[in-house]
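Student: Whatever this is, show me its structure:
(2 chains)
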Amino acid sequence: MMDWINFPSYALAAGVLWTIGVLLIYLSIKWKPLNLAGVIFFITGILVIAVFITQLWMHLERPPMRTLGETRLWYVFFLPFIGILFYLRWKYKWFLAYALMMSWVFLLINLSHPETYDKTLMPALQSPWFVPHVVVYIFGYAVLGVSTLVAIFGLYRHYFASIDPKVLHLADNLVYLGFGFLTLGLLFGALWAKEAWGHYWTWDPKETWAFLTWLGYLVYIHLRYRHPGKVSGALWVLSLAFVVLLVAWFGVNYLPSAQNSVHVYGS
Amino acid sequence: MNREKRKTSMHEYRQGFTISLLILVSGVMLEWISGGRGVGLPAWPMNLFIAASFAFILYFIHTFYKELTIVKILSRVPVSLSAIVLFSLLTLLMGLTKQGESDNSRFLNLTGISHLRNSYVFLLSGLYLLTTLGLAILRRIKPVNYRNIGFLMNHFGLWIIVLAGSLGSGDLKRIRVIVNENETVWYGYRADGHPDRLPFMVKLIDFDIDYFPPKLAYIDSKTMTFSKEAEGNLPMLEEGARLKFAEWEVLVEDLLIYSRPDSFGNYYPSDDTLSFPSAFLRLTNTVSGEQKEGWISCGSAMVAPRFLSTGGKYAFAMTQPESRKYSSLLEIIREGSEPDTTLLEVNKPVKAGRWKLYQTDYDQRMGKWSSYSVMEAVNDPWLPIVYIGIFMVIAGSLYLFSIGKNPKTLE
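Tutor: As a prediction, this is how the structure comes out:
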């Protein structure tokens, strides 16, 4: 039997593996061979979480994507995953450090709020659209989370030092990727809604906020397209868009306008 | 040169945001004058006429007045941004306030804030967005190359979705249909409560629910609220399961999903109408070694629930089971075709000609023994057009993955 009761050991194992991995990768500046060892440690950490998610999925007999804690678990999986991909492709060490930090934060939140291993899944969520809709969204959120960090770093450089154009291009690339996923999530949601509730768009509060998030990143993309030389405005928009994203992700649960939303996560 | 460009751009922003402000003010004024009733969107064929005229006007302006400064400005990013920002602000307002409530204040009604999606200001803002978007699209149709195709997938797709989605809502029919078992209906009710005829008949042959097993709760027997240990963490009852709450170890010795009590207070399996779940528990106190046993049940609409007291402040109880799946076996009868027997489930709508039927509800009080099923019949003739737009934007988002600069070349 596998459930959240075993979560602490998995979480600890993954967290420690990631931490050692990142340390080794940073130490490889001094001695090259450590790099490979670091990557192996890091990937093993991801596999540990993947094994946990798989077992949880099998135990629950439903996709583990219903509660906020479960979506945090996916975030803990995707961030290091994107992190190592970006590191292998473009050698961003800081990205790994960021993924490590955020993963620890989410692991600790989940550890301090032990959740129910509730198998129930309301009929409206039992659909082939459930998994793609949620996975695409969490992946998009993870990438856009990184773009926010880049934005804050860029703003810091802009006001207190000089900014390297590479920072902005990195932000752009992350936003294109994240925005693409956000768009897919929104549209998959619309196609699913048609099957489940009879209409593709009903201005449900979650939909409204997801759409607002989409509009926020839309503004960033257009600002950057029109004014490639301007920095601060675009970066402020990028930072604020993430605040809207956070409201859409879990703030909606607390809004008075969302009392009847179908999207409020069970807890 | 650069300074001049910046100046023009500032100028365009000023113009764009002036238009946005004018739309905001005139939209609210129109709403106020109309008494805060909002706008009803036109139905067929008026909506098609409006959509076609709007597209034609944009095309006409683009073809003959492309070089006019105002037309140029309208198709550029600063004006688009002013339109997006206005639309975002209204959406934000929609996300923060309760929409469509009847108890909203007079002020919220007269300004349109209480019913934004049907308000003049939202309509005008959408029209502004479609105008600048439409003109920008027309400028990028030629030359046909990879970049422009990607651009068109995203922009034209969005234009189609917004236009067809909003004008199409005038033709959208959603009718709530309630059918009793073994009865046939040919009408339902619109959202405003008015009855409406259906172009087909529905007979409910059988309604059925499949439940998840109920959960075990540990409650304060005075206040009837969940104890701290149990809150948000209720385990599902399974025969043979050993569970733990505070100092009590619980063995679920027997679980009956459909049962009735006898006169001695024991439960026996039953397929009766109005049977309900029960479970036999054995409790062991891990501190004192004390043992207890007895039945718990969540009861039903007619029968009170049963608790198993621990002797102290707390008692064990059973929650109402949650539905895993519910479905209606229907016969759909249409003129000119054979009656069609089909199973309707949540997430699996069935077709009835151009209409689709959705399973939405049942008699919650009676659960499995509900004698009626609630469905929704939907007809949305504009849906295929909206889907074309949706699939264009999906293709466009794949295009987004392919753009972006390679950071390596920048180093």
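
Student: Quick one, grab the pLDDT at residue 168.
Tutor: Because you didn't say which chain, this covers chain A. Looking at A:Leu168, its pLDDT is 89.

Student: The intended chain is chain B.
Tutor: 93.

Student: The closest residue to it other than its chain neighbours and chain A, how far apart?
Tutor: Distances taken as CB to CB, 6 or more residues apart in numbering or on different chains place B:Trp382 nearest to B:Gly168, at 2.7 Å, with adjacent residues excluded. Any C-beta I mention is one placed from the backbone N, CA and C, and that applies to glycine too. Counting by CB to the nearest CB, to the nearest Å, the gap from B:Trp382 to chain A is 11 Å.

Student: can you list the weak-confidence ranges in chain A?
Tutor: Applying pLDDT under 70 to chain A picks out residues A:1-5, A:115-117, A:256-267.

Student: Need the three-state assignment for residue 186.
Tutor: In the absence of a named chain, chain A is used. The assignment at A:Leu186 comes out as helix when based on DSSP: H, G, I helix; E, B strand; the rest coil.

Student: That was the other one, I meant chain B.
Tutor: strand.

Student: what's the longest helix in chain B?
Tutor: Secondary structure of chain B read by DSSP state H shows that its longest helix is helix B:2-33.

Student: Packing partners of that helix?
Tutor: Secondary-structure packing of helix B:2-33 (3 or more CB pairs under 8 Å, 6 or more residues apart in numbering or on different chains; DSSP states H and E): helix B:69-74, helix B:77-96, helix B:106-111, helix B:120-140.

Student: In stretch B:218-229, which residues are buried?
Tutor: B:Tyr218, B:Ile219, B:Ser221, B:Phe226, B:Ser227 (16 or more other CB atoms under 10 Å in any protein chain shown).

Student: Which entry within those residues corresponds to the minimum pLDDT?
Tutor: B:Ser227 (70).

Student: Sketch out the low-pLDDT regions of the stretch 201-350 of chain B for me.
Tutor: B:228-233.

Student: let's go with 80 and repeat that
Tutor: B:221, B:223-234, B:273-274, B:301 (pLDDT under 80).

Student: Write out the residues of it neighbouring chain A.
Tutor: Proximity of the stretch 201-350 of chain B to chain A, by CB under 8 Å from any CB of the partner chain, involves residues B:212, B:232-236, B:322-326, B:345-349.

Student: tell me the angle the host helix or strand of A:Val244 makes with helix B:77-96.
Tutor: Taking DSSP states H and E as the definition, A:Val244 sits inside helix A:232-249. Interaxial angle, helix A:232-249 versus helix B:77-96 (axes from the mean of the first three to the mean of the last three CA atoms, to 10 degrees): 30 degrees.

Student: Would you mind writing the CA trace of the helix or strand encompassing B:Lys203 as CSV?
Tutor: According to DSSP H and E, B:Lys203 maps onto strand B:195-211. The C-alpha coordinates for strand B:195-211 follow below in CSV (Å, rounded to 0.1, in the frame of the first residue of the first chain):
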residue,chain,number,x,y,z
PRO,B,195,-40.6,26.6,-21.1
ASP,B,196,-39.4,25.8,-24.6
ARG,B,197,-40.2,23.0,-27.1
LEU,B,198,-37.6,20.5,-28.1
PRO,B,199,-37.4,19.2,-31.7
PHE,B,200,-37.3,15.7,-30.3
MET,B,201,-38.8,13.6,-27.5
VAL,B,202,-36.9,11.9,-24.6
LYS,B,203,-38.0,8.9,-22.6
LEU,B,204,-36.2,8.0,-19.4
ILE,B,205,-36.0,4.2,-19.3
ASP,B,206,-33.8,4.0,-16.2
PHE,B,207,-31.6,6.2,-14.0
ASP,B,208,-28.6,4.7,-12.2
ILE,B,209,-25.8,5.8,-9.9
ASP,B,210,-22.6,4.0,-9.0
TYR,B,211,-21.1,5.2,-5.7
